[in-house]
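J.: Dropping the sequence and predicted coords here.
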Amino acid sequence: MENFINIPADLLPENKKFGAGPSSIRKTALAKVAVSDLPGTSHRQAPVKNLVGSLRGGLKELFSLPDGYEVMLGNGGATTFWAVAASSLIRERSAHAVFGSFGAKFAETVSGAPHLKAPAVELGGISARAQGLETSSEIALLRGGQEGIDTYCYPAHETSTGALSPVKRVAGGLNLVDATSIAGGVQVDISQTDVYYFSGQKCFAAEGGLWVALASPAAQERAREIKTDPRAGRWIPPILDFSVALKNSVKDQTLNTPAISTLILWEDQVQWMLSQGGLEAMEKRTRASSAVLYEWARSHPDASPYVSDPDEQSPVVVTIDFHEIDANQVIAQLRANGIVDIDPYRALGRNQIRVACFPNVEVADTQALTACLDYVIDRL
């Protein structure tokens with residue numbers, strides 16, 4: 001590249017991947033896939049079912065699931081799950097907290113469902129602050145009380161912006177919490193939710209293609225009611241039927257063939273998390289790494305955290321604004337040195353970097369990243 005800045009080898013992080021999804025995978029987990037005989041095996045046979053059973057059991061232990069909650073797996077990612085929710089969990093009308101791209105996409109999915117009433121959409125958080133709207137901790141949705149709402153939907157974390165929202169039950173309906181990129185990176189009280197759903201390619205360092213939902217008895221019963229109620233008058237494709245996913249999950253399988261390598265990686269990561277001390281230990285790891293970046297941004301004369309309120313700052317995805325420095329030049333120079341995937345979320349259109357601090361990221365690598373940022377910025 002033109003005007004290439006060669007970063008000294010002793011400054012470079014050992015692991016140069018900081019992507020917000022797919023995330024960096026431990027080499028020992030990749031080696032486990034390479035030697036496994038499971039790929040190419042039917043997902044309805046004992047070897048794969050045993051793997052799924054181990055994954056489900058590990059997640060139940062990791063999240064300390066309350067009695068009656070089930071660990072569910074389904075084909076597709078979080079985008080597919082939004083369609084599942086629209087098809088078989090929302091009875092008539094939902095309310096959605098939107099403070100970033102992914103919350104907005106869920107609301108858009110539901111608004112297109114012909115069998116549902118138009119959702120109530122509450123804007124808040126840093127995506128709306130420029131318009132003088134409320135912050136995520138003050139979203140009207142979390143106060144409840146909207147007329148005719150039977151399902152409350154909000155992100156626990158916005159991957160696009162690196163902003164948090166409290167996981168706190170809203171009375172009067174099912175609570176669906178999007179934890180796509182933060183599940184496994186922080187401690188959480190699952191009893192405050194009815195469906196806590198997430199993907200494998202973030203904190204769990206697997207590949208995409210599956211969603212997991214930690215589902216309460218109320219959510220399980222809601223899906224059965226909607227499917228069997230003749231008054232609902234809706235057609236639910238099997239792949240979007242929450243009750244079908246539940247029926248298969250308790251048999252340790254998915255409706256359609258899953259990516260076996262994803263299951264191997266995911267199960268291995270969960271066992272590693274448990275061996276390290278569970279969610280408490282994972283949160284310590286993510287907060288240690290993200291603290292390095294937030295402190296760097298606060299102390300740099302031309303940078304600042306995009307999320308200014310410490311209570312709303314994500315420990316797993318850090319977004320940093322630059323004011324005069326061209327972030328694209330910084331990103332290009334780092335990529336030329338092998339440090340990849342710190343690009344901002346495209347739809348935001350901001351002059352910033354976005355760095356993942358998932359549990360697999362070592363704090364030493366985050367510290368090395370800030371040293372590389374300083375080295376490049378000083379020479380631009």
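T.: The structure has been received and is ready for your questions. Numbering: from 1, shown residues only.

J.: roughly how far out does stretch 213-229 sit from the chain middle?
T.: 23 Å (CA atoms, centre = their mean, to the nearest Å).

J.: got a list of contacts for that stretch?
T.: Here stretch 213-229 makes contact (CB atoms under 8 Å, 6 or more residues apart in numbering) with 59, 63, 65-66, 68-72, 74, 81, 88-89, 91, 174, 190, 193-197, 232, 234, 236, 241-243, 245-246. For every residue, glycine as well, the C-beta is placed using N, CA and C.

J.: Could you tell me which of those belong to strands?
T.: Among these, the ones falling in strands (DSSP state E) are 70-72, 74, 174, 195-197.

J.: And those residues, which of them are buried?
T.: 70-72, 74, 174, 195-197 (16 or more other CB atoms under 10 Å).

J.: ok, the residues you listed vs A288, which is closest?
T.: Nearest to A288 among these: Y196, at 24.1 Å, using CB to CB.

J.: my guess is that closest one meets I190, correct?
T.: Yes: assessed by CB atoms under 8 Å, Y196 is found in contact with I190 at 5.7 Å.

J.: just to revisit the earlier point, columns pLDDT on top of the ones in strands among the contacts of stretch 213-229, output as TSV?
T.: Shown next, in TSV, are the ones in strands among the contacts of stretch 213-229 (pLDDT from 0 to 100):
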residue	pLDDT
E70	98
V71	98
M72	98
G74	96
L174	95
V195	98
Y196	98
Y197	97
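
J.: isn't L174 right up against T193?
T.: No: look at L174 against T193 with CB under 8 Å: they stay out of range, at 9.1 Å.

J.: wouldn't E267 be in contact with R56 here?
T.: No: between E267 and R56 there is no contact under CB under 8 Å: 9.2 Å.

J.: Which one of the two is surrounded by more residues?
T.: E267 (25 against 20; other CB atoms under 10 Å).

J.: The more buried one: which element?
T.: Element membership for E267, per DSSP states H and E: helix 260-276.

J.: Okay, buried residues for that helix please.
T.: Applying 16+ other CB under 10 Å to helix 260-276 flags 260-274 as buried.

J.: what's the answer for stretch 299-316, then?
T.: Within stretch 299-316, the residues scored as buried using 16+ other CB under 10 Å are 300, 303-307, 312-316.

J.: Can you tell me which of the residues you listed has the lowest confidence score?
T.: Within these, pLDDT reaches its minimum at E312, with 86.

J.: Does it touch T161 like I think?
T.: No: using CB under 8 Å, E312 makes no contact with T161, being 9.4 Å away.

J.: Might you report the residue contacts of K202?
T.: 20-21, 23, 159, 180-185, 316, 356, 358.

J.: Including distance to E324 and secondary structure, could these go into JSON lines?
T.: As requested, these are exported to JSON lines (distance: CB to CB, whole Å; DSSP: H, G, I helix; E, B strand; the rest coil):
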{"residue": "A20", "distance to E324": "25", "secondary structure": "coil"}
{"residue": "G21", "distance to E324": "29", "secondary structure": "coil"}
{"residue": "S23", "distance to E324": "31", "secondary structure": "coil"}
{"residue": "T159", "distance to E324": "27", "secondary structure": "coil"}
{"residue": "T180", "distance to E324": "33", "secondary structure": "coil"}
{"residue": "S181", "distance to E324": "30", "secondary structure": "coil"}
{"residue": "I182", "distance to E324": "32", "secondary structure": "coil"}
{"residue": "A183", "distance to E324": "37", "secondary structure": "strand"}
{"residue": "G184", "distance to E324": "37", "secondary structure": "coil"}
{"residue": "G185", "distance to E324": "32", "secondary structure": "coil"}
{"residue": "V316", "distance to E324": "28", "secondary structure": "coil"}
{"residue": "A356", "distance to E324": "25", "secondary structure": "strand"}
{"residue": "F358", "distance to E324": "30", "secondary structure": "coil"}
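
J.: Is it possible to mark the buried ones in those?
T.: 20-21, 23, 159, 180-185, 316, 356, 358.

J.: Any chance of a markdown table for those residues, columns distance to D343?
T.: As requested, the buried ones among the contacts of K202 are exported to a markdown table (distance: CB to CB, whole Å):
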| residue | distance to D343 |
| --- | --- |
| A20 | 9 |
| G21 | 12 |
| S23 | 14 |
| T159 | 13 |
| T180 | 18 |
| S181 | 15 |
| I182 | 20 |
| A183 | 23 |
| G184 | 23 |
| G185 | 20 |
| V316 | 17 |
| A356 | 11 |
| F358 | 16 |
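
J.: for the ones in strands among the contacts of stretch 213-229, which one is nearest H96?
T.: L174 (12.8 Å).

J.: May I have the phi/psi pair for the nearest residue to T80 once chain neighbours are set aside?
T.: Take T80 and drop its neighbours on the chain: the residue closest to it by CB to CB, 6 or more residues apart in numbering is W211, 6.3 Å away. Dihedral pair for W211: phi -110, psi 150, per degrees, to the nearest 10.

J.: ok, now how distant is W211 from M72?
T.: To M72, W211 is 8 Å away according to CB to CB, to the nearest Å.

J.: mind checking how far stretch 265-278 is from the chain centre?
T.: 17 Å.
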